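S.K.: quick one, fold the following:
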Amino acid sequence: MNVVAFLTHSVFQKVSVRVWTCALDMSFTSISSFFLIMAGFIELDILNDTSLLTSGISSLYIPCAISLEIISIFNHIPFISEILYIGVTVIAAAIWLIVLSLKHRKMSRRQRLGLYVVIVGALMFASCIVLDKHLCRLIGNPSGNLFTPAFYGCDVAFVGLIIYV
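M.R.: From the prediction side, this is the model:
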């Protein structure tokens, strides 16, 4: 989903470096989901994309998310990472379900294509999570996993959002 995620999961194996990249990975995931929330509010005409309020909220969220994540990881505060990483993403998905359900009849062809691509990405992500335990059991190794393809599903969904916009 972001460059730091790739570095965290694929390049850095040293624990001292992984802690930092893991904190940044979760922060950046939260930030990208936050911007999806803001885009949903703009699409629903709740916020104006040129307003000072919108840019102010966006500017404040970035350092707050990174700071909270780093503080929670280094001080071992439970559930902050999950709230930032998973909670914000779930809220973004819920808001975009509302956007798409309210606007699905007024969509252009390009927007419908974008929606279908988002759905394919979401299905890729969900199926990898469900099938992961079966792959580990099949090969007899907990190291074999489908999380990289799951994250490709997220990338596909983001491409769908780009097509939609």
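S.K.: for stretch 96-114, buried residues please.
M.R.: Of all the residues in stretch 96-114, those buried under the rule 16 or more other Cβ atoms under 10 Å are 96, 99-100, 111, 114. C-beta coordinates here come from the backbone N, C-alpha and C atoms, glycine included.
S.K.: which residues are contacting it?
M.R.: Applying Cβ atoms under 8 Å, 6 or more residues apart in numbering, the contact partners of stretch 96-114 are 36, 40, 43-44, 115, 118, 160-165.
S.K.: show me these that map onto helices.
M.R.: 36, 40, 43, 115, 118, 160-164 (DSSP state H).
S.K.: just the closest of those residues to Y61, please.
M.R.: Y61 lies nearest to L36 out of the ones in helices among the contacts of stretch 96-114, by Cβ to Cβ, at 12.1 Å.
S.K.: and the closest residue to the closest one other than its chain neighbours, how many neighbours?
M.R.: The shortest distance from L36 to any residue other than its chain neighbours is 4.0 Å, reached at A92 (Cβ to Cβ, 6 or more residues apart in numbering). Counted with other Cβ atoms under 10 Å, the neighbours of A92 add up to 20.
S.K.: for A92, give its distance to S30.
M.R.: 10 Å (Cβ to Cβ, to the nearest Å).
S.K.: next: L52.
M.R.: 23 Å.
S.K.: L7 touches W20, doesn't it?
M.R.: No. With contact defined as Cβ atoms under 8 Å, L7 does not reach W20; the gap is 9.9 Å.
S.K.: helices along the chain, start to end?
M.R.: Under DSSP H, the chain gives helices at 3-6, 15-43, 52-74, 80-82, 88-103, 109-139, 147-164.
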